[in-house]
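1. One predicted model, sequence on top.
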Amino acid sequence: MSKTGLDLSACQLADAIRDGELRAADVCGTFLEHIREQDPKLQAFVTVLEDDAMRQAESVDRDHSHAGAALLRGVPIALKDNLCTRGVPTTCSSKILEGFVPPYDATVVARLRGVTPFLGKTNLDEFAMGSSTENSALFETRNPHDPGCVPGGSSGGSAAAVASGMAPLALGSDTGGSIRQPAAFCGVVGLKPTYGRVSRYGLIAFASSLDQIGPFARTAEDAALLLDAIAGPDPRDATCLATAAPSCRAALSKPFEKLRVGLPREYFQEGLSAPVAQALAATRQSLQDLGCSMVDVSLPHTDYAVPTYYILAPAEASSNLARYDGVQYGLRAPAGNLIEQYLNTRSAGFGREVKRRIMLGTYALSSGYYDAYYLKALKVRRLIHDDFSKAFAQADVLLTPTTPTAAFRFGEKVSDPLQMYLSDIFTISANLAGLPALSFPCGMDGHLPIGAQLIGPALSEARLLRIVHEYQKDTNWHLRRPQSILRSPQKRKRTPGEAG
Amino acid sequence: MSIDRKTVEHVAALARLGLTGEEKTKLEAELSGILDHVAQLSKLETGKVEPLYHILPIQNVFREDAASPAGVRDDVLKHAPGARPPFFVVPNVLDE
């Protein structure tokens, strides 16, 4: 079984391909076969790129001229379907992008092209607006640990793909928790980098001052490898930092520093489920065993993060989504004149949550309400940002739960938008403050995974990954596989190097 | 803060969203509920706080003002919902 690659980490796969022990094409074929078996149950993929992926993998096997240049060579990857991919439909899981085929690659996609075969494009809440992937206009993605539960969102497809072993790595995007919350619900590692660390060029915009692209993986080491491959300056994104990104993977082999871990008291109050509280207490103990010291800190404006976010993110979205007018690409609804075309196209093409946020954002920016809502929220954003600066004077990183509970069930929150928004209560602040934050598996609530979150000062990705790398040497939460996958009857696979 | 139907219709017109009567009714209630939650921001004294428009300290990013061909025109037009190359086709802009 191990020879098929499904049980190997991305780092192990990369090493085996580089050393000629595995062919990239065999690895890719194995993952595609696993997708054929599992995805009809999980529905993580919007598009599976069977032929494309095999062609890319075969070209990796043929071309040894770059061997060693790219550490991820030959390791297949799944891409969230809001990342533009040249020549491949990119849907954002929205009807309004029907027929849209980008003529260019997002910068992160361009950096991986020719290196990591693209297995496919993964499902999301429409335009990344949601916390359960139930807002996809295409279909729901199921949590691999329990098909009755949501995988989280908005990057639910990417999280489910990695958790179920259909992809060793995936990319997602995170505006208010859209990488970390599904990573927690699905039991994988998910990292939102510092705002500006990774280029957003070609990421279909939701809220431009908050959006960041980041990796999903099973281990911190794999996430580091993927972050290294996508991070760094890009002349095509003026908000991408001009300073080169240091290697996170290299930082993992340095001696482990004894760090001060801050516990923000506002994140450990009522609303936290008992299993999550217990898992976090155990995580704290594990970090102490590694030599870290614990410090109590306070982020006094935490309660204001959700209301601030739900002004700023919809405001930016209402402006970004003005471009969907049926003129140049995507859906066009029949109409007698141009204004009617805008109205009909947008009414037919956007789903309920997207319309709700466009309305909310337009309202907050409209004449007479701008100061009371948008400007007020920008000021509170400053207060939230300053809370973190003060906390980081006392602590090197902050440890919090990623979510108040484990994965919830389908339909549980979708009818009440406010309840859905409040499920992002622990993840939103890092976006508002532009900070790197990482979710990693730290326990189970029955058969459902629990995630812990580390938040660090700007550009401290290597530190966050270093801590989780050390934690994962001593613990095995990241090795838990979904029971539903293990239980399901598996055809015995033909392994490479094995006769017919 | 409660949002009435007239406000919903005004905002929908600003956002160029065509809404059904049922959608308008739902949005009245939903937006009012969300704005009630958001109203807690007004409890905070922010008179002396500078708004944080953007998290990065960068002001302007300059580059050479040099054009380079993107080479994607035909591709873009091929997937457009209405095109007569090299143009996009749209319905009447002005009433006849």
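-> Noted; the coordinates are in hand.
2. Now A:D387. Nearest residue, chain neighbours left out?
-> In space, A:D387 comes closest to A:L299 once its chain neighbours are excluded; the distance is 4.4 Å by C-beta to C-beta, 6 or more residues apart in numbering or on different chains. The way it works is simple: take the backbone N, C-alpha and C, and place the C-beta from them, glycine included.
3. One more: A:G187?
-> That would be A:P449: by C-beta to C-beta, 6+ apart, it lies 3.1 Å from A:G187.
4. Just checking: what are the partner strands of the helix or strand where the one you found lies?
-> Taking DSSP states H and E as the criterion, the element that holds A:P449 is strand A:448-455. Next to strand A:448-455 in the sheet, as set by DSSP bridges, lie strand A:397-401 (antiparallel), strand A:437-445 (antiparallel).
5. Buried residues of the longest one, list them for me.
-> Of the residues in strand A:437-445, A:437-445 count as buried by neighbour count, 16 or more other C-beta atoms under 10 Å in any protein chain shown.
6. which intervals of the chain have sub-threshold pLDDT?
-> Defaulting to chain A. Along chain A, the model assigns pLDDT under 70 to residues A:1-4, A:65-69, A:484-500.
7. try again with chain B
-> Within chain B, the set of residues satisfying pLDDT under 70 comprises B:1, B:96.
8. which parts of the longest helix seen in chain B are buried?
-> As assigned by DSSP state H, the longest helix anywhere in chain B is helix B:21-38. Using 16+ other C-beta under 10 Å as the test for burial, helix B:21-38 gives B:23, B:26-28, B:30-31, B:33-35, B:37-38.
9. Give me the contacts around that helix.
-> For helix B:21-38, contacts defined as C-beta atoms under 8 Å, 6 or more residues apart in numbering or on different chains pick out A:306-307, A:310-311, A:352, A:355-356, A:359-360, A:363, A:373, A:417-418, A:421, B:1-5, B:8-9, B:12, B:19.
10. And the very next helix or strand once past that helix, what's buried?
-> Following helix B:21-38 in sequence order, the next helix or strand is helix B:73-78 (DSSP H and E). Of the residues in helix B:73-78, B:75-77 count as buried by neighbour count, 16+ other C-beta under 10 Å.
11. Over to stretch A:249-262?
-> Neighbour counts over stretch A:249-262 (16+ other C-beta under 10 Å) mark A:249, A:251-252, A:259, A:261-262 as buried.
12. mind checking how far that stretch is from the chain centre?
-> The chain centroid and the centroid of stretch A:249-262 are separated by 23 Å under C-alpha atoms, centre = their mean, to the nearest Å.
13. just stretch B:16-28 next, same as before
-> Stretch B:16-28 sits 17 Å away from the centroid of its parent chain (C-alpha atoms, centre = their mean).
14. got it, and stretch A:325-335?
-> Offset of stretch A:325-335 from its chain centre (C-alpha atoms, centre = their mean): 30 Å.
15. Can you show me the CA trace of it as CSV?
-> Extracted C-alpha coordinates of stretch A:325-335, given in CSV (Å, rounded to 0.1, in the frame of the first residue of the first chain):
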residue,chain,number,x,y,z
ASP,A,325,-22.2,42.3,-15.4
GLY,A,326,-22.5,39.7,-18.2
VAL,A,327,-20.4,41.8,-20.6
GLN,A,328,-17.0,40.2,-21.0
TYR,A,329,-17.2,36.7,-19.5
GLY,A,330,-19.4,34.3,-17.6
LEU,A,331,-23.2,34.2,-17.5
ARG,A,332,-25.3,36.6,-19.6
ALA,A,333,-29.1,36.7,-19.0
PRO,A,334,-31.3,37.8,-21.9
ALA,A,335,-32.3,41.5,-21.7
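16. Is any residue of that stretch near chain B?
-> Yes. Counting by C-beta under 8 Å from any C-beta of the partner chain, chain B has neighbours in stretch A:325-335: A:325-332, A:335.
17. For A:L263, which residues are in contact?
-> Contact analysis of A:L263 by C-beta under 8 Å, 6+ apart lists A:284, A:294-297, A:398-400.
18. Provide a ChimeraX selection command restricted to the buried entries of these.
-> ChimeraX command restricting these to the buried ones, with burial defined by 16+ other C-beta under 10 Å:
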select /A:284,297,398,399,400
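19. so which of the contacts of A:L263 comes closest to A:A159?
-> Nearest to A:A159 among the contacts of A:L263: A:T400, at 18.8 Å, using C-beta to C-beta.
20. So for the closest one, what's the nearest residue that isn't a sequence neighbour?
-> Nearest residue to A:T400, sequence neighbours excluded (C-beta to C-beta, 6+ apart): A:Y267, at 4.1 Å.
21. which other helices and strands contact the helix or strand encompassing A:C28?
-> Assigned by DSSP H and E, A:C28 belongs to helix A:24-42. In terms of contacts (3 or more C-beta pairs under 8 Å, 6 or more residues apart in numbering or on different chains; DSSP states H and E), helix A:24-42 is packed against helix A:10-18, strand A:45-48, helix A:50-62, strand A:118-122.
22. No further questions, thank you.
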